[in-house]
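Enquirer: I'll drop the sequence and a predicted model, then ask my questions.
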Amino acid sequence: MDINGLIRRGVPIIRDPLHLHAYRRDLWPRDTLGWRNGGEPPDAPVVVASPTRAEEVAEAIDWASEHGVTIVPYGAGSGVCGGARGRSGSLVIDLKRMNRILSFDGKTRCVHVEAGILGQHLEDQLAGAGWMTAHSPSSIACSTAGGYIAARSAGQFSSRYGVFDDMLIAAAAQTPTGRLLTGSWTPQGQEDLLPVLCGSEGGLGVVTDMLIRIQPQPSQRWLRGYAFNSIEEAWDAMRGIMQADLWPSVLRLYDPLDTKIGGKTKASDTTSKTNVFGWLKAAVEKSPDLQKHLINIPLAVPRLLNRIGKELGDEVLLIVGFEGPQAVVDATVEAASPFLSRGRDLGSKPGEQWYAHRHDVSYKLAPVFMTGAFADTMEVAATWDKLPELYQQVRDALGQHCAVMAHFSHAYPEGCSIYFSFAGRGRLKTYDAAWSTALEAVRAAGGTVTHHHGVGVLKAAAAAQEVGSAIRVWNAIKHEIDPDGLMNPGRPFPEDASTEPSADISAPSNPGPVYSVNLTSRLARVDAMASPTAIQEALQQQGLTLRILPDRPFHHWLPQLERGALEAWQCPVFGVQARFTDGTAARIGIAPRSAAGPDLRFSLIRRAKTEWVEVAVRPTLGDISIMGKHPQIDARDVRPVWSSDECWSFSATQKELAEVCLHPHGEAKQPPIPPTPKK
Amino acid sequence: MTASIDICALCPSLCRHKCPVAVGTGIESTTPTAIFSTIWSAQSQGRHVDLAARAVDLCTQCGHCEDACGVNQPVLALLAEARTTLQPRPEPWSAPQINGRAKTVAVICTEDDWTANIAQATGRPIASMVTADHLGELHRARTDTADDAIKILSEQFRGRTAITACHTCAEALESASIPVETLDSLIPRRPSVATWRSCRCLPAPGVNTVQRCCGARGPLSTSHPELSDSMAEALVRRLDGNAIYTPDARCAEHLKRAGANVTGPISLLATTTRAEE
């Protein structure tokens, strides 16, 4: 291999074994466990390119194409699924020297950054000017913007600001067939491939730079804890708040074991020695030997441990947060109070403690590995109607092999994600068995196998199974952009993944245009070819309305929807069922958000006949409209269910917000029906 | 949490955003986590010992990792211990001679000798000491030789005070309990440009950068000079032509070599002295 060719092309490279060694693994716990147990980490690359400009990335890819060398894009290596682990004979393109903010525009509320910038550096620099992206994953100190695209990251405030995909306006990538411009940078007449670039895990190209939405720093942040007697009561509260369009910045529910272990609903904090768990924690931290025994002995009998956990009680802690201008926060808190009335108000301390330590979870894994055990996390998601089943099934599946607890965060009007934390005896066999049974349980319960950690090696097969025959769409795009298959092969889907449907998918049997309504999750399956007015009329007979009303049938509207036309928290479509010309059907979109590979919905609609789409609906009863804009209030802060220059419409559950927006010249009116579509 | 290389080796690199070597070079191996992973492999499994012996020097000793650590790991002490176990013990350190009998000693560690200038500026007699290794910087970065080096330094300076233009030397003198003044503090004339506060490698107010050290110091500059230079180049790119002043002559020299528009205390002293003449 002519590595000097890279130098001749002006690409800065690294080939000292000292440095290559560090690219052998990312943060996939299985590789960490294998390494700690004496195994060799995956192979090192033959060379690392360390570009400072997109042109150098292009040269590196050209060189690799010329020599048939596999390319692995690399950010900060914080992926937990093995997506960036080492490959024999490969070229790693490390983006971390491409870490600048290229431009920043407060007027259009966006920032242009290079892909290698660390999340914390981006936030620190924006904060200096009074702005934020509001993307705050717990890995923010050790992950890059490019990585957020690759693995479809979600931050801790996603319930208000959306996941990283939602925040993106545009992105550019260097690919084996040239420069790929997506989102608002998509050349006229070409398909916008931003949804496919997100979650492609380096399988299409190397993301070099992107345009991200920014928000002003909130002037007020309100955080509070509530104890509920059961997890079901707390789920109702979460769902109620989200479906009332109150858009909390934080809605974070700990399951009974997680609540109990942290002593989270007690007056004392988790470090207090008056709390039995606090005392135990302090004693364990002082003695490594005690630590080893206390972790390993119970992990040998996980079922017993989990049963004891269940006996500890049903009380759960819900952290609720709202942010924005003072008047808006006050009104939102008031509007949310009926949903929280069944909980016991614990004051601001639990919320403030969570906020202060919100990134500390990453420190908790090391002590477990140090004892010879392993710890890992699994983030899944489902619609509200399937969430209890998903929680039960996955917890039981993991509980056969590991000690397991969970919290619920990243809530949407349509559903929520579950974040399982589990620890087991430090054997690869136990690790693999835990994951295998848990992934199967997710599938059986109708959830997505990944909400925001991406796919990597760990979930590649499960993600392919989830996507089913829609994988044909990925294969077609991949073949066009990376015909020789050099870009991170096998990510995010196995190269030999089946293109057959994973289940029997039949066409809708009733005449439509509304095929079914899921009232719990506020979703409707509707005819994608039907006129939106006809859909709207059919829904109105059930007291419902489309959350977003297109100006033409969904099948035509969705592929042409311009990036940035909707706000970050607005999701134009959830599920899609479409049929290819050979009669094979594909169905994707089983959770409000998913990171099971790229978002193939829009590309599927372009390439197949769409039979139905699943879209968000809401009740219309009691809507309030206000004519004219309030001079001081920004619609993005109050988030009316629909707005135009002349009128803001609020749902009945937003009446306190509507009152804030009333101004001397405003008046409350009945809503215009139907609302004018927003293009 | 108890101090342990395991904690750092198994950490997801939560201090990497503060580590100037990791930020400035962009190379994965320079993160504290990668360094400690290699050390752990060598010490616990006997693997990659040669790599670990080099990895322990991928550090400028700036200490920003310790500030960022959420579980208070004494990273620099852990590295010092690892150097002791993984690298051969160096020859004992001997302190350079002091030239002159004056009570105050100028410690000269860079190319320019500023003894005469500071004598003129302060009106005091000044002796000098020329050090090529910043008063045993590498000996002080190991647990097995640090105490001896500090003791030797303390004996060499008995009853004298020091002036230094370099923060590394100032640290050495302070650890040997020798009264020390910095050259920067003795110069009456202040620069008109943004000041890069090198005491803990803090960026200058108004200079927008996330990289908090130019890489001039610590074992990195001796064992991995190419990375040290690459950090300075990265910083120069970030400074984007802005002029800066740094009170550390070692940083100034290093940044100047990389093409920065930088003034250090030695050249500022020279300008001040000439102006007075």
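Expert: Yes, it's here. Just so you know, these numbers come straight off a predicted model, no measurement behind them.
Enquirer: C-alpha only now, for contacts and for neighbours.
Expert: Will do.
Enquirer: List the residues that contact residue A:609.
Expert: By CA atoms under 8 Å, 6 or more residues apart in numbering or on different chains, the contact set of residue A:609 is A:578-581.
Enquirer: Please read the previous query as pertaining to residue A:158.
Expert: Taking CA under 8 Å, 6+ apart, we find residue A:158 in contact with A:135, A:249-250, A:410-411.
Enquirer: run the last query once more with 6 Å
Expert: residue A:410 (CA atoms under 6 Å, 6 or more residues apart in numbering or on different chains).
Enquirer: Would it be right to say that residue B:151 lies in a strand?
Expert: No. Residue B:151 is assigned helix when assessed by DSSP: H, G, I helix; E, B strand; the rest coil, not a strand.
Enquirer: That one: neighbour count?
Expert: By the criterion of other CA atoms under 10 Å in any protein chain shown, residue B:151 has 13 neighbours.
Enquirer: So for it, what's the nearest residue that isn't a sequence neighbour?
Expert: Setting aside the residues directly before and after it, residue B:151 is nearest to residue B:176 in space (CA to CA, 6 or more residues apart in numbering or on different chains), at 6.7 Å.
Enquirer: Roughly how far does that neighbour sit from residue B:97?
Expert: 16 Å (CA to CA, to the nearest Å).
Enquirer: now swap in residue A:187 and tell me
Expert: Relative to residue B:97, residue A:187 is positioned 70 Å away (CA to CA).
Enquirer: which residues touch the residue in the stretch 551-679 of chain A that chain B sits nearest to?
Expert: Residue nearest to chain B within the stretch 551-679 of chain A: residue A:595 (21.0 Å; CA to the nearest CA). Contact analysis of residue A:595 by CA under 6 Å, 6+ apart lists A:152, A:450-452, A:454.
Enquirer: Can you give me the neighbour number for the residue of the stretch 51-200 of chain B found nearest chain A?
Expert: In the stretch 51-200 of chain B, the residue that lies nearest chain A is residue B:51 (5.4 Å; CA to the nearest CA). Residue B:51 has 20 neighbouring residues, counting by other CA under 10 Å.
Enquirer: So for residue A:676, what's the pLDDT?
Expert: pLDDT, residue A:676: 42.
Enquirer: repeat for the one 3 residues further on
Expert: Predicted confidence (pLDDT) for residue A:679: 39.
Enquirer: ranges for the strands of the stretch 551-679 of chain A?
Expert: Assigned by DSSP state E, counting those that start in this stretch, the stretch 551-679 of chain A shows strands spanning A:576-579, A:585-588, A:609-619, A:624-627, A:642-643, A:647-650, A:668-669.
Enquirer: Of all these, which one is nearest residue A:48?
Expert: When those are compared by CA to CA, strand A:585-588 sits nearest residue A:48, at 36.5 Å.
Enquirer: ok, the closest one: who's next to it in the sheet?
Expert: Using DSSP bridges, strand A:585-588 pairs in its sheet with strand A:576-579 (antiparallel).
Enquirer: For the strand it pairs with, the averaged confidence score.
Expert: Summarised as a single mean, pLDDT over strand A:576-579 is 96.
Enquirer: wait, what's in contact with residue A:83?
Expert: A:456-457.
Enquirer: Now do it against residue B:145, distance only.
Expert: Residue A:83 is 43 Å from residue B:145, where distance means CA to CA.
Enquirer: cool, and residue B:23?
Expert: From residue B:23 over to residue B:145 (counting by CA to CA), the distance is 30 Å.
Enquirer: Mind checking which of the two has more residues around it?
Expert: More crowded of residue B:23 and residue B:145, by other CA under 10 Å: residue B:23, with 26 against 20.
Enquirer: Contact partners for that one?
Expert: Contacts of residue B:23 by CA under 6 Å, 6+ apart: none found.
Enquirer: May I have the phi/psi pair for it?
Expert: phi -70, psi -40 (degrees, to the nearest 10).
Enquirer: tell me which element residue A:242 falls in.
Expert: Assigned by DSSP states H and E, residue A:242 falls within helix A:231-243.
Enquirer: Kindly report the same for residue A:251.
Expert: Residue A:251 belongs to strand A:250-254, assigned by DSSP H and E.
Enquirer: Wait, residue A:160 touches residue A:249, no?
Expert: Yes. Contact criterion CA atoms under 6 Å: residue A:160 and residue A:249 qualify, at 4.7 Å.
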